[in-house]
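Colleague: quick one, what's the 3D model for this:
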Amino acid sequence: MDTVQETTLGSSGLRISSLGLGTVTWGRGTDAAEALGVLKAFADAGGTLLDLSPQALPMAGELLAKFPRGQFVLSVTSGVDLLAPLGRRVDCSRRALYLSLDEALNLLGVEAIDLWNVGHWDAHTPPSEVSSAIEAMQFQGKVRYGCLRGYTGWQLAVTSSPAIAAATSAYNLLERAPETELIPAAEHLGVGFIAGAPLGQGVLSGKYRAGGYPVGSRGAQPTDYADIHGLINGSDAVVEALRTAAVGLGISMATAAMAWARTRPGVAAVMATPRTVQQCAELIASQEVAFPRAIAHALDDVTL
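Modeller: Coordinates of the predicted model:
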């Protein structure tokens with residue numbers, strides 16, 4: 001029996017699993033053998049939504065060949081190059097989006113991407129150019145649905161199009177800003193909201209409670225240090241409140257953080273990135289947790 005439930009994304013007909021699997025650690029701490037184990041555990045639990053980071057595409061192309069074609073809902077992001085110099089990392093022009101999409105299709109060996117993400121709001125590209133680019137690729141059959149990543153509510157509204165089925169942004173107990181604008185805008189527009197980074201880059205798993213950055217953790221990686229360090233600052237009260245809740249429920253902090261995000265109003269799916277099979281099991285376990293309203297209200301007291 002599947003543990004991960006299926007849901008429909010917004011007002012579209014796209015069916016996805018309520019738990020999405022991120023791949024940002026593939027090739028950066030998660031080797032091919034471990035990634036395959038994670039992918040199998042995810043699939044065995046009924047998971048279908050697979051978010052493929054740019055650096056994970058070559059590995060993903062090889063691993064997906066081991067599964068039935070069409071088993072996963074493939075999500076790919078274009079428009080952001082984290083290796084480019086500062087000030088030039090975001091380019092969501094039609095040209096850049098098309099080049100990135102073609103590269104992803106070639107690396108994965110597929111004809112179409114199920115959920116094509118525009119990776120960031122680009123102040124230098126008109127919203128109409130972004131939406132028309134998604135519509136054109138949908139018409140050509142290279143893209144089935146569009147998604148906007150990291151947009152605010154008003155940015156989603158001015159870029160809105162029938163081709164855009166989803167919006168995704170970081171959303172967790174340390175980052176609740178989407179509640180004020182993005183989630184209500186998505187609901188109004190019939191766009192499904194996917195909550196990213198539900199563990200707050202690992203901070204809500206409790207791994208940084210003792211101070212320092214454990215070997216192998218994302219916080220120990222130079223590329224992630226700044227983002228994670230920023231979340232750790234001022235997080236003590238939230239982390240301790242979550243730990244108390246997890247102990248009371250008899251589950252891990254990671255499972256509790258995932259369950260909180262999954263059960264929030266307006267959330268269609270939660271996207272998390274387990275580095276190991278064990279971490280994947282914790283995330284899957286969150287799908288069966290009924291998060292008590294009283295505990296959710298208690299966590300509101302320290303996060304709102």
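
Colleague: residue 259 and residue 295 touch, don't they?
Modeller: No - using CB atoms under 8 Å, residue 259 is not in contact with residue 295, being 9.7 Å away. Placement of C-beta: from N, CA and C, glycine included.

Colleague: of those two, which one has the most company?
Modeller: residue 259 (27 against 19; other CB atoms under 10 Å).

Colleague: just to be sure, that one is in a helix?
Modeller: Yes - secondary structure of residue 259 (DSSP: H, G, I helix; E, B strand; the rest coil): part of a helix.

Colleague: which residues does it contact?
Modeller: Residues near residue 259 by CB atoms under 8 Å, 6 or more residues apart in numbering: 251, 286, 289, 291.

Colleague: how about the third one: what's its closest non-neighbour residue?
Modeller: Nearest in space to residue 289, with sequence neighbours left out and distances taken as CB to CB, 6 or more residues apart in numbering, is residue 259 at 3.9 Å.

Colleague: which of the contacts of residue 259 fall in helices?
Modeller: Using DSSP state H, no member of those falls within helices.

Colleague: who wins for neighbours among the residues you listed?
Modeller: Busiest of the contacts of residue 259 [other CB under 10 Å] is residue 286, holding 26 neighbours.

Colleague: that one reaches residue 262, doesn't it?
Modeller: Yes - using CB under 8 Å, residue 286 is in contact with residue 262, at 6.3 Å.

Colleague: which residues are in contact with both of those two?
Modeller: residue 19.

Colleague: related to what we said a few turns ago, turn the contacts of residue 259 into a markdown table, including distance to residue 141.
Modeller: Compiled in a markdown table, the contacts of residue 259 are given as follows (distance: CB to CB, whole Å):
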| residue | distance to residue 141 |
| --- | --- |
| 251 | 43 |
| 286 | 36 |
| 289 | 39 |
| 291 | 40 |
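
Colleague: tell me the confidence at the residue nearest to residue 289?
Modeller: Residue 259 is assigned a predicted lDDT (pLDDT) of 94.

Colleague: equivalent analysis for residue 3, please.
Modeller: Model confidence at residue 3, given as pLDDT, is 86.

Colleague: so it belongs to a strand, correct?
Modeller: No - under three-state DSSP, residue 3 falls outside any strand and is assigned coil.

Colleague: so who does residue 96 touch?
Modeller: Contacts of residue 96 (CB under 8 Å, 6+ apart): 78-79.

Colleague: show me where pLDDT drops low in the stretch 151-300 of the chain?
Modeller: Within the stretch 151-300 of the chain, the stretches with pLDDT under 70 are 209-234.

Colleague: didn't residue 101 look like it was pressed against residue 116?
Modeller: Yes - counting by CB under 8 Å, residue 101 does reach residue 116; the two are 6.7 Å apart.

Colleague: please identify which of the two sits among more neighbours.
Modeller: Ranked by neighbour count (other CB under 10 Å), residue 101 and residue 116 place residue 116 first, with 28 against 21.
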